[in-house]
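1. could you look at this predicted model? Sequence included:
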Amino acid sequence: MHRMIAALAGGMLSLAGLAACGDGNGSGGGSTEEFCALDETIEFESIDNLDDFDSALDVGVDAAPDEIKDDIEIVRDTMNQLTDQLREDGVEDLTDITEEQARTLQDLSTAEFEDASENIQQFIEDNCDTGS
């Protein structure tokens, strides 16, 4: 999950590579350990449909510790707007997104989204062993 968030934080909405699996409803508390372990427990590269992508965002919210939960929710809500727009355009698979759609979807990136993404990235750098 933190690789996905890091990509978003960098302004890279490279959607064909962003995905995950799981289910969750955004309730409950997570922990730093649970959040940091998401990259090891979810095979991001193997999921490419919007439903699994949406579920991954919910899993991220569920796993997030209190100190970044609000930021994760902002990212999830923004990305939900993105997937809703894609569905309206008839897209169900992330690999079917056109370059034009990707550029248009970047407009969903707000200052609030960018701040939340930066906060998450900083939390990851401070708390998760990213192997760097």
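-> Here it is on my side, so go on.
2. what ranges does the protein have for its strands?
-> With strands called from DSSP state E, the chain shows none.
3. can you find the helix or strand of it with the lowest average pLDDT?
-> helix 2-9 (a mean of 40; mean pLDDT, DSSP states H and E).
4. so where's the longest helix in the protein?
-> For the chain, the helix with the greatest residue count under DSSP state H is helix 66-88.
5. packing partners for that helix?
-> helix 2-9, helix 50-63, helix 99-105, helix 111-127 (3 or more CB pairs under 8 Å, 6 or more residues apart in numbering; DSSP states H and E). (C-beta placed from N, C-alpha, C; glycine too.)
6. from the chain's centre, how far out does the second one sit?
-> Right, helix 50-63. For helix 50-63, the separation from the chain centroid amounts to 7 Å (computed by CA atoms, centre = their mean, to the nearest Å).
7. what residues of it count as buried?
-> Across helix 50-63, burial judged by 16 or more other CB atoms under 10 Å covers 50, 52-63.
8. show me what it is packed up against.
-> Partner elements for helix 50-63 (3+ CB pairs under 8 Å, 6+ apart): helix 2-9, helix 32-36, helix 38-41, helix 66-88.
9. what does the longest one contact?
-> If I follow you right, that is helix 66-88. 5, 8, 13, 26, 29-30, 35, 50, 53-54, 57-58, 60-61, 64, 97, 101, 104-105, 108-110, 112-113, 115-117, 119-120, 123 (CB atoms under 8 Å, 6 or more residues apart in numbering).
10. repeat that for 7 Å
-> 5, 8, 26, 29, 50, 53-54, 57-58, 60-61, 64, 97, 101, 105, 108, 112-113, 116-117, 119-120, 123 (CB atoms under 7 Å, 6 or more residues apart in numbering).
11. what are the phi and psi values at Thr98?
-> phi -80, psi 160 (degrees, to the nearest 10).
12. and it, what does it touch?
-> Contacts of Thr98 (CB under 7 Å, 6+ apart): none.
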